[in-house]
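*Asks:* Here is the input, now give the coordinates:
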Amino acid sequence: MASVGKLVLMLVTNKEMLCVKWIHEVYMKEDADFWVYTPSNDCSWSWKNMNKIKLGMEQWYNDDAVFEVHELVWSRLLLPKHRSILWLATQRKLLTKERMVGIGITCDTAECVLCDQEEMEDLNHLFAECDWVRDVWREVMQWLGIQAPHLEPRLVLEFIKKKHWCKMKKEVVVVVHGALIYFTWQARNWKIFKDNIVDTSFVVQQIEVVVKERIDSSSLGLVYSGSTRRRIGMELI
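*Replies:* Predicted structure coming up:
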């Protein structure tokens, strides 16, 4: 689904890629608007299937606030599983306890299991206001040497998008954000279903490993050492 979404993104923004050009020339031709285009009966099955899938994605792409940050969600540095959870979080589709109660699913308790604040587990609390997740965010930001507010998932992406940072720096912060959302959701599930308590220091270490591995596996070729802060950080203005 993520790869299909990325291809849809390229078609919508008319990226100058060979495969996209080929699709425009062979299939779409004069129909420049991907959303209103209807495939003919002699088109391939895969192309017809993509046009079916786009119907469920149109609202997301045409939502002005989300469209501002869609490129960050499809960052090449994000792990696919992190990207999926981040996308669900930005769409407020994760099954938090607040949502469960709202649709009639019984919970032993509606309170957040990661902290002692006795607050209902909704999206904003779990990923922005929970003391547990705030501690993780603060330590990771100190490690990177940057300052960024910790808000609910979609607002964090909007903040990153608006900052006058280089592309690499934005993508690194998005990797951190995506990893935080993923590991927070994982820690929440481990506590609920396995009664395992995940320490914040463990999550911080996991996020650092993910960031290093994702950059090392990309074409950026950065070498991590004590200069991590100078290479990536740079105090924000």
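*Asks:* okay, CA-based contacts and neighbour counts for the rest of this
*Replies:* Noted.
*Asks:* If you tally nearby residues, what's the number for I23?
*Replies:* Residues lying near I23 (other C-alpha atoms under 10 Å) number 13.
*Asks:* Let me see the confidence value for it.
*Replies:* On pLDDT, I23 comes in at 74.
*Asks:* Now do the SS call for the residue nearest the centre of the chain.
*Replies:* Here the mean C-alpha position of the chain is nearest to the C-alpha of L86 (C-alpha atoms, centre = their mean), at a distance of 3.2 Å. Recorded secondary structure, L86: helix (DSSP: H, G, I helix; E, B strand; the rest coil).
*Asks:* what about it, distance to K169?
*Replies:* 18 Å (C-alpha to C-alpha, to the nearest Å).
*Asks:* And the lengthiest helix in the chain, what does it pack against?
*Replies:* In the chain, taking DSSP state H as the definition, the longest helix is helix 167-194. Where contact means 3 or more C-alpha pairs under 8 Å, 6 or more residues apart in numbering; DSSP states H and E, helix 167-194 is packed against helix 70-73, helix 80-90, helix 131-144, helix 153-162, helix 200-216.
*Asks:* please redo it, this time with the cut-off set to 7 Å
*Replies:* On a contact count with 3 or more C-alpha pairs under 7 Å, 6 or more residues apart in numbering; DSSP states H and E, helix 167-194 meets helix 80-90, helix 200-216.
*Asks:* Buried residues in the first one, which are they?
*Replies:* Translated: helix 80-90. 80, 82-87, 89-90 (16 or more other C-alpha atoms under 10 Å).
*Asks:* And for stretch 165-172?
*Replies:* 169-172.
*Asks:* On the three-state scheme, the residue in the chain sticking out farthest from the centre is what?
*Replies:* Within the chain, the residue lying farthest from the chain centre (C-alpha atoms, centre = their mean) is D42, at 36.3 Å. On the three-state scheme (three-state DSSP), D42 is labelled coil.
*Asks:* looking at it, P39 is touching M50, isn't it?
*Replies:* No. Between P39 and M50 there is no contact under C-alpha atoms under 7 Å: 9.9 Å.
*Asks:* count of neighbours near the residue nearest to P149 when sequence neighbours are not counted?
*Replies:* Distances taken as C-alpha to C-alpha, 6 or more residues apart in numbering put V156 closest to P149, at 7.3 Å, once the chain neighbours are dropped. Applying other C-alpha under 10 Å, we find 19 residues neighbouring V156.
*Asks:* how is the chain carved up into domains?
*Replies:* 2-62, 76-233 (automatic domain parsing).
*Asks:* remind me which residues of the chain are low pLDDT?
*Replies:* 1-17, 29-35, 53-68, 218-237 (pLDDT under 70).
*Asks:* Span of stretch 37-51 from start to end?
*Replies:* 8 Å.
*Asks:* Which residues in that stretch does the neighbour count mark as buried?
*Replies:* So for stretch 37-51, counting by 16+ other C-alpha under 10 Å, buried means 39, 51.
*Asks:* Quick one: distance of that stretch to the chain centre.
*Replies:* 29 Å (C-alpha atoms, centre = their mean, to the nearest Å).
*Asks:* Ok, stretch 122-132 next?
*Replies:* Taking mean C-alpha positions (C-alpha atoms, centre = their mean), stretch 122-132 and its chain are 16 Å apart.
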